[in-house]
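J.: This is the structure alone, sequence omitted:
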Ligand SMILES: Cc1cc2nc3c(=O)[nH]c(=O)nc-3n(C[C@H](O)[C@H](O)[C@H](O)COP(=O)(O)O)c2cc1C
């Protein structure tokens with residue numbers, strides 16, 4: 001049988017090409033990292049500099065007397081069981097409602113909901129009906145008795161497990177009982193296209209729209225797929 005010389009050589013060439021490419025990419029990354037180094041100085045007022053973060057609309061109360069409080073001090077704190085936290089100043093009208101009912105719903109904020117989100121963060125439910133003022137719709141939740149916000153693409157129903165007084169804020173640690181998502185963002189494979197919902201975030205006093213996708217989980221180590229043969 002004839003040896004396929006050409007093919008063997010090609011394969012060798014491809015291998016050395018790819019290791020050369022890897023070397024080049026590595027040295028480019030090193031060069032790039034060097035240009036990113038900055039001189040940092042201690043800031044005068046150390047404080048909460050952990051940004052960007054979500055600014056969420058937390059609904060609480062009952063269907064008859066619902067309220068919304070905007071919360072930026074929130075986060076995911078456990079995967080299994082799914083748990084989240086919100087930190088609320090004791091003087092907020094919503095604080096006692098959440099403490100007494102042991103329930104709240106985290107509703108994510110989109111670009112179109114930012115104005116309502118801000119309003120719910122500067123007005124108190126003691127003085128105004130925030131649902132009526134923002135034209136948001138309270139809708140029954142699935143697992144808790146406080147309403148969700150119909151206009152939000154993601155509503156996370158939570159049951160308080162613990163309250164920890166930290167100082168200015170009390171942190172409510174809660175278990176996620178149910179999550180409802182806007183069905184129009186569920187694709188044909190049943191996946192929720194969270195990043196198509198136009199979510200907004202909050203950074204150092206400003207609301208920002210999310211920008212373009214610049215990577216996805218694990219992309220830094222993922223091998224590139226070989227180009228498809230035509
Ligand atoms: C962007 C933003 C984020 C906020 N984050 C929090 C927070 O994490 N915790 C808190 O207690 N108050 C926070 N506030 C303030 C409350 O939302 C605000 O005092 C609100 O009027 C309280 O409503 P209530 O009295 O109806 O409960 C935030 C306000 C804004 C605008």
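T.: Thanks, I have the structure now. Bear in mind the structure is a predicted one, so any value in this text is a computation, not a measurement.

J.: all contacts plus neighbour counts: C-alpha atoms, from now on.
T.: Fine.

J.: Is residue 86 in a helix, a strand, or coil?
T.: Classification of residue 86 using DSSP: H, G, I helix; E, B strand; the rest coil returns strand.

J.: show me the contacts for it.
T.: Residues near residue 86 by C-alpha atoms under 8 Å, 6 or more residues apart in numbering: 71, 73, 74, 75, 171, 172, 173.

J.: redo that, cut-off 10 Å
T.: Residue 86 is in contact with 56, 58, 71-76, 104, 106, 160, 163, 169-174, counting by C-alpha atoms under 10 Å, 6 or more residues apart in numbering.

J.: And for residue 98?
T.: Listed by C-alpha under 10 Å, 6+ apart, the contact partners of residue 98 are 58, 59, 60, 61, 88, 104, 105, 146, 159, 160, 172.

J.: List the buried residues for the particular helix or strand that has it in it?
T.: Per DSSP states H and E: residue 98 is located in helix 93-101. By neighbour count on 16 or more other C-alpha atoms under 10 Å, the buried set for helix 93-101 is 93, 94, 95, 97, 98, 99, 101.

J.: State the number of residues packed around the closest residue to residue 146 other than its chain neighbours.
T.: The shortest distance from residue 146 to any residue other than its chain neighbours is 4.7 Å, reached at residue 62 (C-alpha to C-alpha, 6 or more residues apart in numbering). Neighbour count for residue 62, taken as other C-alpha atoms under 10 Å: 16.

J.: how close does residue 62 get to residue 73?
T.: Shown here: residue 62 relative to residue 73, a distance of 23 Å by C-alpha to C-alpha, to the nearest Å.

J.: swap in residue 143?
T.: Residue 143 sits 24 Å away from residue 73, going by C-alpha to C-alpha.

J.: Could you check which of these two is surrounded by more residues?
T.: Using other C-alpha under 10 Å, the more surrounded residue of residue 143 and residue 73 is residue 73, with 17 against 14.

J.: Filter the contacts of residue 86 down to the buried ones, ChimeraX style.
T.: In ChimeraX, this line selects whichever of the contacts of residue 86 come out buried by 16+ other C-alpha under 10 Å:
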select :56,58,71,72,73,74,104,106,160,163,169,170,171,172,173,174
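
J.: in the protein, what spans have low per-residue confidence?
T.: Within the chain, the segments meeting pLDDT under 70 span 1-19, 21-22, 25, 228-230.
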